[in-house]
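Colleague: This is a predicted model, with the sequence first.
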Amino acid sequence: MVSGKDRQKQLAREHYERQMAARIQRERAAKRTAAIGTSIGVLVVIGGIVAAAAFLGGGNGTTEAAATPEAAPSSDASAPAGPKAYDPASGTCEFLADGQAAKDVGQPPAKVDAAPAVMTIKTSVGTIEADLDGAKAPCTVGSFKYLAEKKYFNDTKCHRLTTEGIKVLQCGDPTATGSGGPGYRFTDENLDGASYKRGVLAMANSGPGTNGSQFFIVYGDETDAALQDAYTPFGTITKGMDVVDKIAKDGVEGGGADGQPKTTVDIKDVTITSKS
């Protein structure tokens, strides 16, 4: 028997697919009249409405959250085979080279630290803190620790906000286009019974096993019913949801429901420390 939540997700996915089909037709028409040589990035944050196309695109091609954040993550049927999962016996993850890095910092060592940690994101709007769950998402947390140490996120912008269907703020792409990633990808984690309620921190992707550096913060509980269990939840916001709420209240540039936040969100510094 299909549960109420599963039915909601199915309806949301069908609604998303219809929106995406219409959007693709509009973009194709626009591209036919656009000047040759321009590049149009598709926002994904995050599987979702546009995310399902790239939102939770968190890769090196198209990354978005699934809105289904594009507010949420996106799915790509042509995505390559996924990396190996975390090996608890050796404490290692598989990080596979994937495309050109938006900011070249190399890739993490295979052995990761799966201990709980606290991530502090200092932005131009305020500071956001999150508890990271290394036990349930060791490869994700290990990757974030590495990228933070390499200052990968410093001086980047949160490039996407969704305000309908799925409610997320998506960040983690140094190019601020929704298509940038760290030049490697890793496995999905913690998807069994995944929840995307307010305060959840999760990975954007462009299909199974395509996690990179893009992530999204959920600020509306309705997102839980709209997203598939396809975006790795790896933390919970403990401070700074008021900052996210302010950004969301100001809306999307141009007045739409999915796009660049009207309020510029510059990430100045990201640090990750062991949780005491």
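Modeller: Cool, the structure landed.

Colleague: just the CA coordinates of whichever strand in the chain runs longest, formatted as PDB?
Modeller: Ranked by residue count, the top strand of the chain under DSSP state E comes out as strand 266-274. Taking Å, rounded to 0.1, in the frame of the first residue of the first chain, the C-alpha atoms of strand 266-274 are listed here in PDB:
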ATOM      1  CA  ASP A 266      28.700  35.800   0.400                       C
ATOM      2  CA  ILE A 267      30.300  33.000   2.200                       C
ATOM      3  CA  LYS A 268      33.400  34.500   3.800                       C
ATOM      4  CA  ASP A 269      34.700  31.500   5.700                       C
ATOM      5  CA  VAL A 270      33.800  27.900   6.600                       C
ATOM      6  CA  THR A 271      35.500  26.100   9.500                       C
ATOM      7  CA  ILE A 272      34.800  22.600  10.800                       C
ATOM      8  CA  THR A 273      35.900  21.600  14.300                       C
ATOM      9  CA  SER A 274      35.500  18.400  16.400                       C
END
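
Colleague: now that strand: how far from the chain's centre is it?
Modeller: Distance of strand 266-274 from its chain centroid, counting by C-alpha atoms, centre = their mean, to the nearest Å, is 17 Å.

Colleague: Same question for stretch 131-142.
Modeller: 15 Å.

Colleague: Show me what that stretch is in contact with.
Modeller: The contact list for stretch 131-142, computed with C-beta atoms under 8 Å, 6 or more residues apart in numbering, reads 85-86, 91, 93-95, 108, 112-119, 144, 186-187, 189-190, 201, 203, 211, 232-236, 238, 272, 275. (Glycine included, C-beta is placed from N, CA and C.)

Colleague: contacting residues for D224?
Modeller: D224 makes contact with 195-197, 218, according to C-beta under 8 Å, 6+ apart.

Colleague: May I ask which helix or strand encompasses it?
Modeller: Here D224 sits within helix 223-226, counting by DSSP states H and E.

Colleague: Report the rounded mean pLDDT for that helix.
Modeller: Averaged across helix 223-226, the pLDDT comes to 94.

Colleague: Which elements pack onto the next helix or strand after that helix?
Modeller: For helix 223-226, the succeeding helix or strand toward the C-terminus, using DSSP H and E, is strand 233-239. Packing partners of strand 233-239 (3 or more C-beta pairs under 8 Å, 6 or more residues apart in numbering; DSSP states H and E): strand 127-132, helix 138-149, strand 200-203.

Colleague: now with 10 Å?
Modeller: If you count contacts as 3 or more C-beta pairs under 10 Å, 6 or more residues apart in numbering; DSSP states H and E, strand 233-239 packs onto strand 117-123, strand 127-132, helix 138-149, strand 200-203, strand 215-218.

Colleague: Out of those, which is the most enclosed?
Modeller: strand 215-218 (a mean of 35; mean count of other C-beta atoms under 10 Å).

Colleague: where does G220 fall, helix, sheet strand or coil?
Modeller: coil (DSSP: H, G, I helix; E, B strand; the rest coil).

Colleague: Compute the distance between the residue nearest to it when sequence neighbours are not counted and G251, please.
Modeller: In space, and not counting its chain neighbours, G220 is closest to K167: 3.0 Å by C-beta to C-beta, 6 or more residues apart in numbering. From K167 across to G251, the span is 12 Å (C-beta to C-beta, to the nearest Å).
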